[in-house]
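**Student:** Fold the following, please.
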Amino acid sequence: MNTEERSWESDFLPLIRPPQKNSSNDTYCFAFKDRELLLVEGNNSLRMPSLEEIGNMNVDILRKQYLGELKDISCFSVELDDSNVADISVENVSFVSLRELPGILEEKLAYLAGKAVHIMEWDRNSLFCGRCGSSTSLKENERAKECPECGFLAFPKISPAIIVLIEKDDRVLLARSPHFRPGLYSILAGFVEPGESIEEAVVREVREEVGISIKNVRYFGSQPWPYPDSLMLGFTAEFLEGEIKVDGVEIEEAGWFTKDEIPVIPGKTSISGWLIEYFINKHS
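**Tutor:** Predicted coordinates for the structure are as follows:
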């Protein structure tokens, strides 16, 4: 799907402090063991627990962060203590990885789980000031940790990354990372380096990974990507010149594919899937 066809309206309102409510049942609690989300089983499905349910599970919460409001439901992210997760007093729970959530939870909750794990890890990784080493505390009116000694502010880190679909006539460039599962191909991606523009990052990553030059770099859309803290910026581009020569590190195999030759690719819940779907629809 082209991002122009997607709806960008959101029912979620990010806030720093929760509103006063009479009950803690009107909550979603994104509770994590490492990067796996705790879900409650019931009626042959999995659902989000409330903050009160987590509190009744006989498991220690190391840290808790308020995220905001999904309509009238308050959302929290918590980090569970690994040492006593096995003692959870409720049997019907499962721990699910972020990549498994699409198809289990509705889309807005799956995306919020990405935000929740991002905030949880920022909370854990900013307990101490990176400048002077003092303990930090939450700032009152913004999403930040503040050092009481030197005043340094630590905001949640967002690492920009690019992903690009490259066309050559009626073919698309697909590649395999050595970290992919067998048979899976995708498009090229990489992180933006300090001091370069997003477009420069697109051109550099393509040249580094497969040795070709590209032209007509155009913005396509974006997607939060909590692996662990990226914002993925999608582009399309056209082949200019060169022969494919993989770097052997990030990419182990790459080639040109028509829409009828496309192998196993990422699903349609990721921006890589959106871009490849865009190519297929364009040439149908």
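
**Student:** Touching, residue 137 and residue 148? I think so.
**Tutor:** Yes: assessed by C-beta atoms under 8 Å, residue 137 is found in contact with residue 148 at 6.6 Å. Where you see a C-beta, it was placed from the backbone N, CA and C, and this is true even at glycine.

**Student:** Give me the buried positions along whatever helix or strand residue 120 lives in.
**Tutor:** Under the criterion of DSSP states H and E, residue 120 resides in helix 107-125. For helix 107-125, burial by neighbour count (16 or more other C-beta atoms under 10 Å) applies to 109-123.

**Student:** now the strands for the stretch 51-200 of the chain?
**Tutor:** For the stretch 51-200 of the chain, strands defined by DSSP state E, counting those that start in this stretch occupy the ranges 61-70, 73-80, 93-97, 137-138, 145-146, 153-154, 159-168, 171-176, 188-191.

**Student:** With mean pLDDT added, can I get those in CSV?
**Tutor:** Listed next are the strands of the stretch 51-200 of the chain as CSV, based on pLDDT from 0 to 100:
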stretch, mean pLDDT
strand 61-70, 95
strand 73-80, 96
strand 93-97, 93
strand 137-138, 96
strand 145-146, 97
strand 153-154, 97
strand 159-168, 98
strand 171-176, 98
strand 188-191, 97
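
**Student:** what's the closest of the ones you listed to residue 234?
**Tutor:** Taking C-beta to C-beta, strand 159-168 is the member of the strands of the stretch 51-200 of the chain nearest to residue 234, at 5.2 Å.

**Student:** Output the contacting helices and strands for that closest one.
**Tutor:** Judged by 3 or more C-beta pairs under 8 Å, 6 or more residues apart in numbering; DSSP states H and E, the packing partners of strand 159-168 are strand 171-176, strand 188-191, helix 198-210, strand 213-225, strand 230-241, helix 271-282.

**Student:** For burial, what's the neighbour tally of the residue lying closest to residue 247 once chain neighbours are set aside?
**Tutor:** Spatial nearest neighbour of residue 247, excluding adjacent residues (C-beta to C-beta, 6 or more residues apart in numbering): residue 209 at 5.4 Å. Close neighbours of residue 209, defined as other C-beta atoms under 10 Å, add up to 22.

**Student:** cool, and residue 71?
**Tutor:** Other residues near residue 71 come to 9 when the count uses other C-beta under 10 Å.

**Student:** cool, residue 203 as well?
**Tutor:** Neighbours around residue 203, by other C-beta under 10 Å: 19.

**Student:** OK, contacts around it?
**Tutor:** 213-214, 217 (C-beta atoms under 8 Å, 6 or more residues apart in numbering).

**Student:** can you rerun that using 6 Å?
**Tutor:** By C-beta atoms under 6 Å, 6 or more residues apart in numbering, residue 203 lies in contact with nothing.
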